[in-house]
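In: With the sequence up front, the predicted model follows.
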Amino acid sequence: MATRRRTLLKVIVLGDSGVGKTSLMNQYVHNKFSQQYKATIGADFVTKELQIGDKLVTLQIWDTAGQERFQSLGAAFYRGADCCALVYDVNVAKSFDSLETWHEEFLKQASPADPKTFPFIVLGNKVDIGGGSTRVVSETKAADWCASNGNIPYFETSAKEDYNVDEAFFTIAKTALANE
Ligand code: GTP
Ligand code: MG
């Protein structure tokens, strides 16, 4: 009998504190959302099994701390990553400006074989707030940044309203699988 090969994909989620990294993961894996903010300390992962084509994939999603004082990750942590998800809050300009730093930091630490083709994905989260009235980063601005950084796929999400969360993580899995 043929044994099905199971593929483990390591995904690292980075972004400023409070943008909703933990909330996106909780919505994706547990279908839960909490209004309460509890800072992530260090790093922890959750897993989700999914079927992509004829492949059974285990997505290992690593949550990280946006707050600098809670960051304690060395290069070893980043190595072996198959995809990096960069998250910002569409209502907070600074969190968008930080994408550049997170992107560079990841490449520096993970030092992938080919930095130009390493799969990233960008998520613009909290699009639900104020029906868009408090938004400061336009979809065009974000898409432009993604285009000029190696055509990174871009998703607008809401962890609160479960908008585009499955779609975003499915794309993360597909991109990671392609790079495996
Ligand atoms: P650190 O762990 O400090 O890096 O923060 P984080 O990026 O993990 O943010 P977290 O998921 O803890 O969310 C921060 C706050 O924003 C919490 O109060 C969440 O309830 C809220 N939040 C997260 N996502 C959304 C969203 O899509 N919409 C709204 N309205 N609030 C959200
Ligand atoms: Mg967190």
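Out: Arrived safely. Ligands and ions are numbered 1, 2, ... in the order given.

In: ok, and the closest non-adjacent residue to Gln51?
Out: Nearest residue to Gln51, sequence neighbours excluded (CB to CB, 6 or more residues apart in numbering): Val57, at 7.3 Å. All C-beta spots, glycine's among them, are computed from the backbone N, C-alpha and C.

In: got a list of contacts for the helix or strand hosting the one you found?
Out: Using DSSP states H and E, Val57 maps to strand 55-64. Contact with strand 55-64 is made by 4-14, 21-22, 25, 28-29, 40, 43-51, 71, 73, 77, 81, 169, 172-173, 176-177, as judged by CB atoms under 8 Å, 6 or more residues apart in numbering.

In: is ligand 1 contacted by that strand?
Out: No. Using CB under 6 Å from any ligand atom, strand 55-64 stays clear of ligand 1, coming no nearer than 6.7 Å.

In: Check which element follows that strand along the chain.
Out: Per DSSP H and E, the helix or strand that comes after strand 55-64 is helix 75-78.

In: helices and strands around the helix or strand of the chain with the lowest mean pLDDT, which ones?
Out: Using mean pLDDT, DSSP states H and E, helix 75-78 stands out as the lowest-scoring helix or strand of the chain, at a mean of 88. Secondary-structure packing of helix 75-78 (3 or more CB pairs under 8 Å, 6 or more residues apart in numbering; DSSP states H and E): helix 99-110.

In: Mind pulling the model confidence for Ala178?
Out: Here, the pLDDT recorded for Ala178 equals 87.

In: pretty sure it is in a helix, no?
Out: Yes. Counting by DSSP: H, G, I helix; E, B strand; the rest coil, one finds Ala178 located in a helix.

In: pull the CA atoms of the least confident helix or strand of the chain into PDB?
Out: Output of helix 75-78 as PDB, limited to C-alpha atoms (Å, rounded to 0.1, in the frame of the first residue of the first chain):
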ATOM      1  CA  ALA A  75      18.400  33.400  13.400                       C
ATOM      2  CA  ALA A  76      17.800  29.700  14.100                       C
ATOM      3  CA  PHE A  77      14.100  30.400  14.600                       C
ATOM      4  CA  TYR A  78      13.700  31.900  11.100                       C
END
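
In: Just the C-alpha atoms of the helix or strand harbouring Ala147, please, in CSV.
Out: Here Ala147, judged by DSSP H and E, is contained in helix 139-148. Output in CSV follows, covering the C-alpha atoms of helix 139-148 (Å, rounded to 0.1, in the frame of the first residue of the first chain):
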residue,chain,number,x,y,z
GLU,A,139,-5.3,49.5,-1.1
THR,A,140,-3.4,51.0,-4.0
LYS,A,141,-0.5,52.1,-1.8
ALA,A,142,-0.2,48.7,-0.2
ALA,A,143,-0.5,46.9,-3.6
ASP,A,144,2.2,49.2,-5.0
TRP,A,145,4.6,48.3,-2.1
CYS,A,146,3.9,44.6,-2.8
ALA,A,147,4.5,45.0,-6.5
SER,A,148,7.8,46.8,-6.0
